[in-house]
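J.: Predicted model, plus sequence, below.
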Amino acid sequence: STSLAQRCIPCPENEFAIAGAAKCEPRPLCTVSDYTARYTDCQQDPHATQGHSRSLVYEWLEPHMCDDQQGDKLPEAITRVPCAPCNPGQVRDFETSQCVACPDGTYSASAQGSKPLCESCPPGSAAVKSLHFVYFYAWPNDFSTDCSGDCASTGWRLRDSFVDSGINHGTTADIWMELSVHLEAAGLVSYTYKVSCGVGGHSKLVFYVDDDITGLTHSGNDEGTTSAPVSAGSHTVRWIFQKRGIRTTDRASLSNIVVTGASTGGAGECATCRPGTYSNGHSSECQQCPPGSTSAEGEQICHKCDAGTFSPSWGNGECVPCGAGTSSARGSSVCVHNCTATFDNGAYLYNLTALSTQGGMLGPIKLERRHFFLAMCSQQEKNNSVCVSKSGDVLDSFSCEHKIPKADDVPADLSKGFIAANVQPRMATNLGSVISFHELPRDSSFPEGSLDNLEGPQRVVASELGVRVMFERGDVCEGHPDKRWQTIVDVKCQLDA
């Protein structure tokens with residue numbers, strides 16, 4: 001139609017127009033690039049070698065705008081074609097001729113044609129369930145597609161080993177494809193993409209999880225493989241190709257779509273158990289080692305931590321050495337101490353029990369607008385609700401930092417030097433989960449040996465008697481993956497106090 005037209009005018013039979021066009025154009029002659037092959041569903045066939053077969057038929061790609069009278073014609077259908085390999089994690093059911101997921105604890109890499117049956121994973125590994133979409137001869141279950149705007153097709157197109165958004169769309173069209181999926185555990189959605197939008201073009205491919213943009217946006221002439229994390233539960237993942245501008249050849253394609261952790265999937269491979277987990281074999285997941293134990297990569301059992309080390313939580317990938325002045329028995333989840341420290345073969349005893357609190361951590365300690373909380377003694381003090389992570393979990397920490405609640409929300413217990421366990425803080429940073437006790441460094445103004453002839457108060461002042469309490473193995477420092485937060489507290493004796 002032209003400007004101010006009251007209705008759209010149909011094109012003559014030998015001409016065509018894309019959505020939103022102002023005039024009709026002559027139809028080009030059809031070529032092999034204007035049609036695609038499509039396979040029918042696999043069916044039982046007693047005359048076929050494998051007992052089932054399918055047919056290969058040819059269809060015009062949408063939108064069908066070429067001249068098939070003067071140009072190429074659709075080829076004839078081919079019957080009794082062998083059925084395609086199933087996607088990874090699936091095998092073909094010979095009774096129904098359909099691909100079905102491997103049972104829990106088994107896997108199949110049949111997309112490569114290497115294993116015709118589902119097999120058990122060996123000990124030290126697990127068959128983690130996933131949804132694999134390698135072949136696109138027909139729309140898989142739980143997929144849907146459509147288009148809104150100046151559309152030339154009714155959504156994404158099946159292209160055997162990939163899907164694409166189609167071509168000849170108008171200046172504004174959103175071609176979307178979505179998959180409804182339920183994850184038993186947190187997983188990933190990965191996919192291979194290719195966008196052909198030209199340099200400086202405005203079209204782009206955007207990936208969503210539910211209604212949230214994941215930050216994965218692809219434009220220009222770009223291709224690659226990427227992934228996005230997805231939490232446990234039911235979700236809708238969506239790809240939208242936002243066609244913008246007058247270029248009719250802008251398009252996107254997707255292939256090798258994988259959803260790990262899906263409740264309805266099958267395993268395409270055996271995943272080696274990470275440190276801190278184990279598997280006896282024929283399992284769909286690696287089990288976490290309990291506190292006080294750990295495992296190396298690919299183990300089928302957990303091992304108790306040696307004496308002098310500990311593992312505080314489920315799934316720990318290592319046994320952590322106890323700090324100086326603390327100890328543990330074999331298989332311990334904590335290191336113990338009595339809140340005292342001795343040095344010089346018992347010549348000096350430092351008792352820190354006065355710094356112990358009941359029901360919470362010592363704090364807040366305010367230093368330049370930073371607010372700290374410490375557990376100087378008891379393991380029970382450490383396990384409290386003051387140090388809380390972003391996800392709401394209690395941190396395994398002797399020392400943490402966060403912004404304290406508003407003054408009106410702080411109970412009277414704060415006036416006694418500690419914060420009560422029922423205070424709900426904001427996100428905290430772990431500044432140390434291992435405690436150790438050390439003698440204070442000697443005053444540098446007194447050389448080694450110069451204190452031997454000093455006695456009483458003179459020796460006390462000169463040696464800076466006291467104990468250094470170190471809290472180590474805190475959170476990893478942002479931007480410095482090889483460094484961790486730690487806290488150092490020096491407690492000095494005041495004999496004249």
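T.: In hand now; what should we look at? Numbering: from 1, shown residues only.
J.: And the next helix or strand past the lowest-mean-pLDDT helix or strand in the chain?
T.: Lowest on mean pLDDT, DSSP states H and E among the helices and strands of the chain sits strand 418-420, with a mean of 42. Under the assignment DSSP states H and E, the closest C-terminal helix or strand after strand 418-420 is strand 429-432.
J.: and the helix or strand just after that next one, what does it pack onto?
T.: Later in the chain than strand 429-432, the nearest helix or strand by DSSP H and E is strand 434-439. Using 3 or more C-beta pairs under 8 Å, 6 or more residues apart in numbering; DSSP states H and E, the elements in contact with strand 434-439 are strand 340-343, strand 466-472. (C-beta placed from N, C-alpha, C; glycine too.)
J.: Spatially central residue in this protein, please.
T.: Compute the mean C-alpha point of the chain, and by C-alpha atoms, centre = their mean the closest residue is residue 229, 3.8 Å away.
J.: tell me the SS of that one?
T.: What DSSP: H, G, I helix; E, B strand; the rest coil gives for residue 229 is strand.
J.: Give me the distance between it and residue 72.
T.: Residue 229 sits 46 Å away from residue 72, going by C-beta to C-beta, to the nearest Å.
J.: Which parts of this structure are helices?
T.: In the chain, the helices defined using DSSP state H lie at 379-382, 456-463.
J.: Select from these the stretch with the lowest mean pLDDT.
T.: Lowest mean pLDDT within these: helix 456-463, at a mean of 46.
J.: Give me the below-cutoff pLDDT ranges for this protein.
T.: 1-5, 110-116, 345-346, 358-359, 378-385, 391, 403-426, 442-464, 495-497 (pLDDT under 70).
J.: count of neighbours near the nearest residue to residue 163 once chain neighbours are set aside?
T.: The shortest distance from residue 163 to any non-neighbouring residue, by C-beta to C-beta, 6 or more residues apart in numbering, is to residue 156 (4.6 Å). When neighbours are counted by other C-beta atoms under 10 Å, residue 156 registers 27.
J.: swap in the one 5 residues further on?
T.: Residue 161: 13 surrounding residues under other C-beta under 10 Å.
J.: can you check residue 86 too?
T.: 24.
J.: And it, how far from residue 99?
T.: Distance from residue 86 to residue 99, counting by C-beta to C-beta: 4 Å.
J.: Overlap of the contact sets of these two?
T.: Each of residue 92 lies in contact with both residue 86 and residue 99 under the rule C-beta atoms under 8 Å, 6 or more residues apart in numbering.
J.: what sits against residue 350?
T.: Residues in contact with residue 350, defined by C-beta under 8 Å, 6+ apart, are 340-343, 437, 466-467, 491, 493.
J.: can you rerun that using 7 Å?
T.: Contacts of residue 350 were listed using C-beta atoms under 7 Å, 6 or more residues apart in numbering, and they are 340-341, 467.
J.: Could you do residue 283 as well?
T.: 105, 121, 126.
J.: Can I get stretch 472-482 as CSV, trimmed to CA atoms?
T.: Output of stretch 472-482 as CSV, limited to C-alpha atoms (Å, rounded to 0.1, in the frame of the first residue of the first chain):
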residue,chain,number,x,y,z
GLU,A,472,42.5,-16.4,58.4
ARG,A,473,40.8,-18.0,55.3
GLY,A,474,38.1,-15.4,54.9
ASP,A,475,36.3,-14.6,51.6
VAL,A,476,38.3,-14.4,48.4
CYS,A,477,39.2,-10.7,47.7
GLU,A,478,37.3,-9.2,44.8
GLY,A,479,39.6,-8.8,41.8
HIS,A,480,42.3,-10.9,43.5
PRO,A,481,41.4,-14.6,43.3
ASP,A,482,44.7,-15.6,44.9
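J.: For it, buried residues please.
T.: By neighbour count with 16 or more other C-beta atoms under 10 Å, stretch 472-482 contains the buried residues 472-475.
J.: Run a quick neighbour tally on residue 249.
T.: With neighbours defined by other C-beta under 10 Å, the count for residue 249 comes to 10.
J.: Got phi/psi on it?
T.: Backbone dihedrals for residue 249, given as degrees, to the nearest 10, come out at phi -100, psi 0.
J.: Do me a favour and get the end-to-end distance for stretch 101-119?
T.: One end of stretch 101-119 to the other measures 12 Å (C-alpha to C-alpha, to the nearest Å).
J.: Pretty sure residue 265 sits against residue 100.
T.: No - between residue 265 and residue 100 there is no contact under C-beta atoms under 7 Å: 11.4 Å.
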